[in-house]
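Participant: Predicted model follows, preceded by the sequence.
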Amino acid sequence: MMSMLGNALTVFALVVALASAVCLLGGVRIRRESLVNAGYLGVFACLIALTAGIAIILVCFLTENYTLAYVVSNFPQTSSPLKVLYQVAGVWAGRQGSLLFWTWLIALFSGVVAWRRLRVTDDLSSVALAVAQIVVALFAATLVLSDSNNPFLPTAAEYLNADGTLVEGLAAGMNPLLLHWAMVLHPPATFIGYAGCTIPFAYAIASLVVGDFSARWIELVDRIAVFSFIFLTIGMGLGAVWAYVVLGWGGFWAWDAVENASLMSWLTTVAMIHSFTMYRKRGCFKRWSMFAATITFIFVVLGTFITRSGLVQSVHAFAEDPVSTYFFLGIMVAAALAFLILLIYRHGALDDADEIESLASKSGSYYLTNLVCIVGAVLVAYLTVSSALPTWMPLGGQAVSAGVYNAVARPATALFGLLMAVCPLLGWRKTEGAAFARNFRVPAILGAVVFLALMAFFVLRLVPDYEGVIAAGGDAAATLAEQGPSWYYFGVAIVSFLAAALLFATSAYLLGRGVRGRMKNRGENPLVAVFNLFRHSPAQAGGYLTHLGCAVVLVGLVGSGMFVHEETVSLANEAGSSAQVGGYSITFTGSEDTFDEQDDRIMTIDLEIGRVGTGPDGGYSGTIVPAGDEWLGTLAPSVEVSASTQQQTLHASVLSFPTEDLFVAFQGLNADGSLSLSVKINPLISVLWAGGVITVVGIVLAFAPRRATPLLAADAKGEA
């Protein structure tokens with residue numbers, strides 16, 4: 001019953017999506033309002049059908065109804081207190097459900113747009129909705145035409161007992177790696193961001209179709225673009241947290257193909273939002289805005305193409321599916337061709353005021369920002385799919401290592417940070433040297449103070465870490481060595497710290513200047529001035545706070561990405577055995593071997609962490625300070641082995657300090673019965689998480705639905 005109803009709803013959604021697109025386009029073409037209205041109703045009908053389909057799967061998970069094969073293969077076999085949340089997450093945990101969920105989200109965004117424009121039904125919005133409905137129809141077609149994408153296939157009889165329960169031992173259920181709170185939130189956040197990016201693309205195409213090149217389409221989609229960017233950022237952050245805690249390797253970004261897919265669209269969304277700002281405020285960057293919206297949509301689809309085609313290897317990817325391969329490839333090609341053809345057709349009508357008088361200006365810096373983001377995204381995309389390309393192409397047929405990505409990304413990120421730091425202090429069309437020097441004086445002084453503090457930490461802490469890893473040899477030393485000589489490696493870190501210091505100082509200065517202006521001209525106390533600054537000027541104030549958060553993130557990236565101290569340690573399987581890693585002593589105190597309700601085996605070890613004493617030169621003396629004097633805490637990493645699949649899941653344990661984390665993953669027993677531990681000391685990773693939170697808060701505040709006034713409107717001197 002559930003299978004038949006679900007399949008019927010999906011087919012209905014496909015048909016109605018196509019019909020509504022035809023009605024909308026036809027109604028606009030022949031100027032018949034009744035057809036346009038029918039198209040709007042079709043948008044709502046499609047949304048209702050897909051919502052009902054999502055509800056069916058959700059109800060099946062919550063009621064443990066196993067009549068759908070998708071529910072059987074993705075039901076969380078756990079006794080965790082979070083089981084209900086994992087059951088909800090089952091909706092998007094697998095290949096079929098995630099595609100249905102994504103399709104529903106695109107339909108939901110389309111429904112919101114249709115509801116907001118229902119009383120107007122202008123040509124621009126009608127064509128945009130038609131484009132969005134075509135996308136919904138194509139996504140729905142992959143659900144209907146491919147069994148491997150269909151979430152409503154019935155469960156085979158051999159999997160069910162007579163009472164509808166599962167036959168024990170046959171169904172694997174949800175991947176144990178997904179049983180974590182971050183994976184409850186990470187996929188939907190990312191999918192919301194992806195789905196939202198469809199709307200700016202649809203309006204960009206609609207603008208070209210109807211020939212409306214005013215800023216109206218930007219005004220209609222700007223907030224949706226920022227909303228999508230918020231969730232793309234949150235999704236990336238939650239994915240990084242999950243990778244750090246669950247996968248047991250001690251990192252948060254491995255340049256995996258699916259990780260790269262989210263980075264591509266994130267970078268192009270940055271370019272899109274900045275282009276929209278210039279379009280709306282200055283009447284320029286029109287082609288940039290349309291191009292950025294289109295390539296963002298293409299990269300979003302490229303992400304699911306990578307995940308579902310099987311052409312690129314990834315720990316997150318699904319099995320190969322020919323229907324997905326051809327459909328999503330077709331969507332990307334069709335989007336690119338539609339944009340290019342329409343752009344050529346409307347070329348003469350686009351009076352774009354994109355002339356840049358000087359690169360040393362806000363307009364010039366926005367142009368460079370777009371260039372860096374788009375080129376960076378294209379480069380990441382090419383390197384990601386290089387293994388699937390013909391061998392006659394550069395790097396064709398070759399899988400690119402993480403070291404190659406790092407070699408490009410690290411200096412590029414540092415230079416991008418410098419660009420972000422300087423941009424707000426430039427004039428719109430041209431920057432006078434004297435004016436720039438006057439505006440830059442205070443940020444330069446503040447930045448110098450921050451930079452000196454960072455350099456002190458670099459010299460006293462990060463350089464010894466690097467030298468310690470190199471001296472220890474092994475894989476970790478080889479990985480560092482392949483990134484270039486020490487002078488280059490240190491140079492990249494120093495330039496990155498300089499960029500972070502200047503970006504932090506510039507952002508703090510501009511926020512402080514706004515607060516000072518309100519205090520002086522409105523008589524407000526500091527707290528009230530800060531509150532009112534974000535209340536009345538959310539876009540600019542939130543933007544500066546976002547930049548400040550990016551500066552903090554950059555500091556965290558240098559420490560946690562470039563100067564990690566890593567060792568594999570073997571401890572005798574007896575209480576009291578100890579080892580030294582960096583400045584820490586790790587002492588084994590006991591273990592526990594248990595089985596949960598699903599007969600999954602969980603081996604947990606207990607560790608006490610102490611501080612290692614330092615010698616007269618400030619280096620580690622190797623003398624372990626008694627735990628009673630320098631006891632830091634305990635860790636309890638574990639290994640879980642699934643009874644049904646024998647898959648091993650590492651549950652790492654982390655001891656966090658203000659400037660670093662001690663990360664320990666228990667990897668099981670060695671052949672001789674000793675304990676194998678992967679130990680990492682991750683500098684500044686807490687700074688990375690804090691910067692991510694600040695960045696998201698800044699974006700959310702910039703999104704605040706209030707009528708904005710200029711940031712420094714209260715400043716009588718007009719220092720804008």
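Facilitator: Perfect, I can see it now. Residues are numbered from 1 along each chain as shown.
Participant: Now the lengthiest strand in the chain: average pLDDT?
Facilitator: Secondary structure of the chain per DSSP state E: the longest strand is strand 601-614. Throughout strand 601-614, pLDDT has a mean value of 83.
Participant: Any buried residues in that strand, and which?
Facilitator: M603, T604, I605, D606, L607, E608, I609, G610, R611, V612, G613 (16 or more other C-beta atoms under 10 Å). In this view, the C-beta of every residue, glycine as well, is placed from N, C-alpha and C.
Participant: Dump those to CSV, plus distance to H274.
Facilitator: Listed next are the buried residues of strand 601-614 as CSV, based on distance: C-beta to C-beta, whole Å:
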residue, distance to H274
M603, 50
T604, 49
I605, 50
D606, 51
L607, 48
E608, 51
I609, 45
G610, 50
R611, 47
V612, 48
G613, 52
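Participant: Kindly indicate which of the residues you listed lies nearest Q398.
Facilitator: Nearest to Q398 out of the buried residues of strand 601-614 is M603 (C-beta to C-beta; 38.7 Å).
Participant: any idea how far that closest one is from A671?
Facilitator: 16 Å (C-beta to C-beta, to the nearest Å).
Participant: Check Q540 too.
Facilitator: From Q540 to A671 the distance is 62 Å (C-beta to C-beta).
Participant: neighbour count winner among the two?
Facilitator: Each of Q540 and A671 has its neighbours counted (other C-beta atoms under 10 Å); Q540 has more, 21 against 6.
Participant: any idea which element the more buried one lies in?
Facilitator: According to DSSP states H and E, Q540 maps onto helix 538-562.
Participant: after the helix or strand hosting V664 comes which helix or strand?
Facilitator: Using DSSP H and E, V664 falls within strand 660-669. Per DSSP H and E, the first helix or strand lying C-terminal to strand 660-669 is strand 675-683.
Participant: which ones are touching N74?
Facilitator: G90, A93, G94, G97, G173, M174 (C-beta atoms under 8 Å, 6 or more residues apart in numbering).
Participant: Select from those the entry with the lowest predicted confidence.
Facilitator: G173 (79).
Participant: and that residue, how many neighbours?
Facilitator: Counted with other C-beta under 10 Å, G173 comes out at 22.
Participant: which residues does A204 contact?
Facilitator: W217, S289, M290, A293, T294, F339 are the contacts of A204 under C-beta under 8 Å, 6+ apart.
Participant: any idea which of those is the one closest to N37?
Facilitator: Checking these against N37 by C-beta to C-beta gives W217 as the nearest, at 21.3 Å.
Participant: Do I have it right that that closest one meets V209?
Facilitator: No: taking contacts as C-beta atoms under 8 Å, W217 lies outside contact range of V209: 10.9 Å.
Participant: circling back to that earlier point, could you dump the contacts of N74 into a markdown table with secondary structure added?
Facilitator: As requested, the contacts of N74 are arranged in a markdown table below (DSSP: H, G, I helix; E, B strand; the rest coil):
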| residue | secondary structure |
| --- | --- |
| G90 | helix |
| A93 | helix |
| G94 | coil |
| G97 | helix |
| G173 | coil |
| M174 | coil |
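Participant: coming back round to it: W217 and V209: who's more crowded?
Facilitator: More crowded of W217 and V209, by other C-beta under 10 Å: W217, with 27 against 20.
Participant: Quick check: which element contains the more buried one?
Facilitator: helix 216-246.
Participant: List the buried residues for that helix?
Facilitator: Buried residues in helix 216-246 (16+ other C-beta under 10 Å): 217-218, 220-222, 224-246.
Participant: What is it packed up against?
Facilitator: Judged by 3 or more C-beta pairs under 8 Å, 6 or more residues apart in numbering; DSSP states H and E, the packing partners of helix 216-246 are helix 95-117, helix 123-145, helix 181-196, helix 198-210, helix 257-282, helix 286-309, strand 648-651, helix 685-702.
Participant: run the last query once more with 7 Å
Facilitator: If you count contacts as 3 or more C-beta pairs under 7 Å, 6 or more residues apart in numbering; DSSP states H and E, helix 216-246 packs onto helix 123-145, helix 181-196, helix 198-210, helix 257-282, helix 685-702.
Participant: Would you mind finding the most buried of those helices?
Facilitator: helix 198-210 (a mean of 26; mean count of other C-beta atoms under 10 Å).
Participant: Let me know the angle separating that one from helix 286-309.
Facilitator: 130 degrees (axes from the mean of the first three to the mean of the last three C-alpha atoms, to 10 degrees).
Participant: With just CA atoms, put helix 198-210 into PDB.
Facilitator: C-alpha atoms of helix 198-210 as PDB (Å, rounded to 0.1, in the frame of the first residue of the first chain):
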ATOM      1  CA  THR A 198      18.000  26.800  -7.900                       C
ATOM      2  CA  ILE A 199      15.900  30.000  -7.400                       C
ATOM      3  CA  PRO A 200      18.600  32.500  -8.300                       C
ATOM      4  CA  PHE A 201      19.500  30.400 -11.400                       C
ATOM      5  CA  ALA A 202      15.800  30.300 -12.400                       C
ATOM      6  CA  TYR A 203      15.500  34.100 -12.100                       C
ATOM      7  CA  ALA A 204      18.700  34.700 -14.000                       C
ATOM      8  CA  ILE A 205      17.400  32.600 -16.900                       C
ATOM      9  CA  ALA A 206      14.000  34.300 -16.600                       C
ATOM     10  CA  SER A 207      15.600  37.700 -16.700                       C
ATOM     11  CA  LEU A 208      17.300  36.800 -20.000                       C
ATOM     12  CA  VAL A 209      14.100  35.300 -21.400                       C
ATOM     13  CA  VAL A 210      11.800  38.200 -20.700                       C
END
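Participant: Identify the residue nearest V552 in space, chain neighbours excluded?
Facilitator: G691 (3.1 Å; C-beta to C-beta, 6 or more residues apart in numbering).
Participant: tell me the contacts of that neighbour?
Facilitator: G549, V552, V553, G556 (C-beta atoms under 7 Å, 6 or more residues apart in numbering).
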